[in-house]
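Participant: Show me the folded form of this:
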Amino acid sequence: MSADPILTAERHHLEKSTTALEHMRRSAEAITDGGVDAFASESLGAARSRRLKALADDGTVPPFFGRTDRSDTAETFHIGRRHVRDDQGDPLVIDWRAPMSTTFYRATSADPQGVRLRRRFGFAGPLLTSYEDELLELGGRPGESQILLAEIERPRVGPMRDIVATIQPDQDEIVRAPIEVSICVQGAPGTGKTAVGLHRAAYLLYTYPERLRQAGVLVVGPNRAFLGYIAAVLPALGEGGVEQASIVELTASVPVRAEDTPEVATLKGDARMAEVLRRAVYGGIRKPTDSLAVPLAGRRYRVSEQSLRRCVDDLRRSDVRYSAGRERLALAIAENARRQKEAGGGSPTDAEMRRAARSDEVTAFLAEVWPAVDAPSLIASLLGTPAALARAARGILTDEEQALLRWVRPPRSVASASWSAADTVLVDEVAGLLERTPSYGHIVLDEAQDLSPMQYRAIARRSSTGSITVLGDVAQGTSPWSSTDWLTSLRHLDKPEAVVQPLTRGYRVPGEVLAYANRLLPHLGVSLKAVTSVRHGDHSLAVRSVSRVDGAAVNEADRLLGFEGSVGVICSDASVARLTAGLARAGLDPQVLTDEAAGPRLSVVPASLAKGLEFDSVLVVEPADIVAAEPRGLNRLYVVLTRAVSRLVVVHAEPLPAELQ
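Facilitator: Numbering: from 1, shown residues only. As a prediction, this is how the structure comes out:
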């Protein structure tokens, strides 16, 4: 049988593009500083390093995945993860983020946007094996693209991969939103919200490089396991240097050694705590009660009590941070003395002014009127001193709530305090009152539905001059303070103007699995429509009632390992050790997923860490135990049941929760 001429031509273009990319990489490696000065050499080295990272390729990812043929200009564009040029500078591959690539994702038969033909390519590793054409001006191709579905369903072990070859029009609109726009993505399981958020970060870095290189991009996730799972996406798209942190790491200025009860943690995360802390910080400011003699250039100049009061009042009414206000008060006092000296014909120098502002007299005055504040010390005093808490919380928190907050045994020192994760957020809030928190150019906030109002405020301080992409699903809220209303959450984030954009089509989770999990939706306390999936499989769901769950779990895990891809055994946190031991005795080599990193081929996953993760095959063990483990156990079970990309097996000896039957 003769070779397909189109496939032959595309393979030739693939070979040409691969060679050109390697040449671009060698050219970047050959760049030297050419004897320029040290500053220029450092800048050139940084640019060279960024360029090499952008051109990095492990040889398994082909240079392009699609192509558009335009009817208006007769031009042809191959679309890939990065721009590739030949020796003459002519483009062989267009970066997926470039404006001319937009039509690859958005053109339809109803709106071709000048595209005559859209071609998708199928690969086996780096080898081009197939192609699929849509003749958009002739009505397109009916049904879902088989190459697109094959790419979505491709088994995987390890971290999340990019979705540049499969981005859908509704996803692309979010990805390419301007940097000035903040967006909240409400996405059910499998709709690709996490990937969309990461690809938006890559798009913004490509489109606004100078702006974001200086201001920075931050990705915030729920835990280290999740961050490890998504860590490879941006580097695969040629974007390095993006900061990643869990919400706990972001605010961890003091060591976490304790855990609050849900009731206490919820109260500490309440938005009312912001006003309590503001009062605690600024409540220490006192009105001056006497004049002050200020030494300046060998003489003393008396600043009146009235002038001192005016300075203090003016600074309190301004929006200046507490520590900056303290510094400005010292300078204002020195400035008053300077005016007095100039009125007598003197002319003090700047150095003399600085010495006056730092003099013992002014320092003693500040200690009495505008005392220095340390964030951990203030929180320790507030939680350990009933009178201090009562003063700050009067009219805001009830006596019962104040009693909940107070430490039963105050620590001997700040260093020995048993801080909780919720305490670190309070410390961070106070630190933001004392000093301005550095702001990022853009923040991607994932699993946002589980943040408390005070945690939202911590993110808001870090995006005060930038935009934000909020990702979440209120149906997956599992914390006691989980959000059920994005508009309220966006107000806490100080982004009330953000657009709430729903993703309503599932791509990763098979339809049968999603339909099973959707049985829980009416019982989760949220008003959401059930999302459907574009994927279906006759053998994607199995629910087995067994007499002994541990033995059944071993048998099912062994069977699932016969399929390609990753296997996640998800159970209640209390069952992890027992199930892991049973799997190990059977020789299946399990590894427990922890908060530090994602697991390998077979992972035993505590239900509390499952959020945001995906596995090709998922085995859920004893759903009733997962539900019983926490107040929002049904929400947790909804999360757990929607982690499967290809198949879900549920084994149970206890009766299934009534809401699932």
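Participant: Report the secondary structure state of residue 647.
Facilitator: strand (DSSP: H, G, I helix; E, B strand; the rest coil).
Participant: Which strand residues bridge it?
Facilitator: With DSSP bridges applied, the residues forming beta bridges to residue 647 are residue 617.
Participant: From what I see, it and residue 540 are in contact.
Facilitator: Yes - in this structure, residue 647 sits in contact with residue 540. The criterion is CB atoms under 8 Å, and the distance is 5.0 Å. C-betas here are computed from N, CA, C, even on glycine.
Participant: Need the overlap of contacts for those two.
Facilitator: In terms of CB atoms under 8 Å, 6 or more residues apart in numbering, residue 647 and residue 540 are both contacted by the residues 510, 513.
Participant: who are the neighbours in contact with residue 117?
Facilitator: Neighbour list for residue 117: 67, 68, 69, 133, 134, 135, 136 [criterion: CB under 8 Å, 6+ apart].
Participant: Kindly apply the preceding question to residue 513 instead.
Facilitator: With CB under 8 Å, 6+ apart as the criterion, the residues that contact residue 513 are 533, 540, 541, 641, 642, 644, 647, 648.
Participant: What spatial separation is found between the closest residue to the fifth one other than its chain neighbours and residue 614?
Facilitator: Taking CB to CB, 6 or more residues apart in numbering, and ignoring the residues beside it in sequence, residue 642 has residue 189 as its nearest neighbour in space, at 3.4 Å. Distance of residue 189 to residue 614, computed by CB to CB, to the nearest Å: 9 Å.
Participant: Please enumerate the shared neighbours of the two.
Facilitator: Residues touching both residue 189 and residue 614 comprise 508, 643, with contact defined as CB under 8 Å, 6+ apart.
Participant: Check what pLDDT the closest residue to residue 159 other than its chain neighbours gets.
Facilitator: If the residues on either side of it in the chain are set aside, residue 159 comes closest to residue 232, at 4.4 Å by CB to CB, 6+ apart. At residue 232 the predicted local distance difference test score is 87.
Participant: What's the local residue count around residue 232?
Facilitator: As a burial measure, residue 232 scores 14 neighbours (other CB atoms under 10 Å).
Participant: From what I see, it and residue 160 are in contact.
Facilitator: Yes - with contact defined as CB under 8 Å, residue 232 and residue 160 form a contacting pair (6.9 Å).
Participant: Which residue is the nearest non-sequential neighbour of residue 411?
Facilitator: Using CB to CB, 6+ apart and skipping residues adjacent in sequence, the residue nearest residue 411 is residue 417, 4.2 Å away.
Participant: Correct me if wrong: that neighbour contacts residue 380.
Facilitator: Yes - with the criterion set as CB under 8 Å, residue 417 and residue 380 qualify as a contacting pair; they are 5.5 Å apart.
Participant: Give me the common contacts of the two.
Facilitator: Common neighbours of residue 417 and residue 380 (criterion: CB under 8 Å, 6+ apart): residue 411.
Participant: what sits against the most centrally placed residue in the chain?
Facilitator: Among the residues of the chain, residue 220 comes closest to the average C-alpha position under CA atoms, centre = their mean, at 2.7 Å. The contact partners of residue 220, by CB under 8 Å, 6+ apart, come to 244, 245, 246, 247, 250, 443, 444, 445, 446, 459.
Participant: Against residue 464, how distant is the residue lying closest to the third one once chain neighbours are set aside?
Facilitator: When the adjacent residues along the chain are set aside, residue 246 lies closest to residue 223, with 5.2 Å between them (CB to CB, 6+ apart). For residue 223, the distance to residue 464 (CB to CB) stands at 25 Å.
Participant: Those two: which is more packed in?
Facilitator: Under the neighbour definition other CB under 10 Å, residue 223 and residue 464 were set side by side, and residue 223 has more, 20 against 13.
Participant: average pLDDT for the helix or strand containing the residue nearest to the centre of the chain?
Facilitator: Per DSSP states H and E: residue 220 is located in strand 217-221. Strand 217-221 shows a mean pLDDT of 96 in the predicted model.
Participant: Just after it, pick out the following helix or strand.
Facilitator: Using DSSP H and E, the helix or strand that follows strand 217-221 towards the C-terminus is helix 224-230.
Participant: ok, back up a step: quick check on the contacts of residue 513: which are buried?
Facilitator: Buried residues within these, defined by neighbour count using 16 or more other CB atoms under 10 Å: 533, 540, 541, 641, 642, 644, 647, 648.
Participant: which residues touch residue 100?
Facilitator: Applying CB under 8 Å, 6+ apart, the residues contacting residue 100 are 77, 94.
Participant: Okay, strands next: where are they in the stretch 101-250 of the chain?
Facilitator: Counting by DSSP state E, counting those that start in this stretch, the segments of the stretch 101-250 of the chain that form strands are 115-124, 127-135, 183-187, 217-221, 243-246.
Participant: likewise the stretch 301-450 of the chain?
Facilitator: Ranges of strands in the stretch 301-450 of the chain, per DSSP E, counting those that start in this stretch, are 442-445.
Participant: What ranges in it fall below the confidence cut-off?
Facilitator: Counting by pLDDT under 70, the stretch 301-450 of the chain contains no low-confidence segment.
Participant: Helices of that one, start to end?
Facilitator: Assigned by DSSP state H, counting those that start in this stretch, the stretch 301-450 of the chain shows helices spanning 305-317, 322-343, 350-357, 360-369, 375-384, 386-393, 399-405, 421-434.
Participant: so which of those gets nearest residue 166?
Facilitator: Set against residue 166 and scored by CB to CB, the helices of the stretch 301-450 of the chain come closest in helix 421-434, at 36.3 Å.
Participant: Dump that closest one to PDB, keeping only the CA atoms.
Facilitator: C-alpha atoms of helix 421-434 as PDB (Å, rounded to 0.1, in the frame of the first residue of the first chain):
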ATOM      1  CA  ALA A 421      -1.900  26.900  61.100                       C
ATOM      2  CA  ALA A 422      -4.700  29.300  61.800                       C
ATOM      3  CA  ASP A 423      -2.400  31.300  64.100                       C
ATOM      4  CA  THR A 424       0.100  31.800  61.300                       C
ATOM      5  CA  VAL A 425      -2.600  33.600  59.300                       C
ATOM      6  CA  LEU A 426      -3.300  35.900  62.200                       C
ATOM      7  CA  VAL A 427       0.400  36.700  62.500                       C
ATOM      8  CA  ASP A 428       0.500  37.400  58.700                       C
ATOM      9  CA  GLU A 429      -2.500  39.800  59.000                       C
ATOM     10  CA  VAL A 430      -0.700  41.700  61.700                       C
ATOM     11  CA  ALA A 431       2.500  41.700  59.700                       C
ATOM     12  CA  GLY A 432       0.500  43.300  56.800                       C
ATOM     13  CA  LEU A 433      -0.700  46.000  59.200                       C
ATOM     14  CA  LEU A 434       2.800  46.800  60.200                       C
END
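Participant: contacting residues around that helix?
Facilitator: Judged by CB under 8 Å, 6+ apart, the contacts made with helix 421-434 from elsewhere in the structure are 248, 250-254, 256, 258-260, 264-265, 268-269, 273-274, 277-278, 280-282, 321-323, 373, 375-376, 378-379, 383, 419, 437, 452, 454-455, 457-458, 461.
Participant: ok, and residue 469, which helix or strand is that part of?
Facilitator: Using DSSP H and E, the secondary-structure element containing residue 469 is strand 467-472.
Participant: ditto for residue 88
Facilitator: Here residue 88 sits in a region with no helix or strand, counting by DSSP H and E.
Participant: contacting residues around the residue nearest to residue 84 when sequence neighbours are not counted?
Facilitator: Of all residues beyond its chain neighbours, the one nearest residue 84 is residue 93 (3.9 Å), with distances taken as CB to CB, 6+ apart. Under the criterion of CB under 8 Å, 6+ apart, the neighbours of residue 93 are 17, 63, 64, 78, 79, 80, 82, 83, 84.
Participant: Kindly report the same for residue 407.
Facilitator: The neighbourhood of residue 407, defined by CB under 8 Å, 6+ apart, consists of 383, 384.
Participant: Look up how far residue 258 lies from it.
Facilitator: As for residue 407, its distance to residue 258 is 10 Å (criterion: CB to CB).
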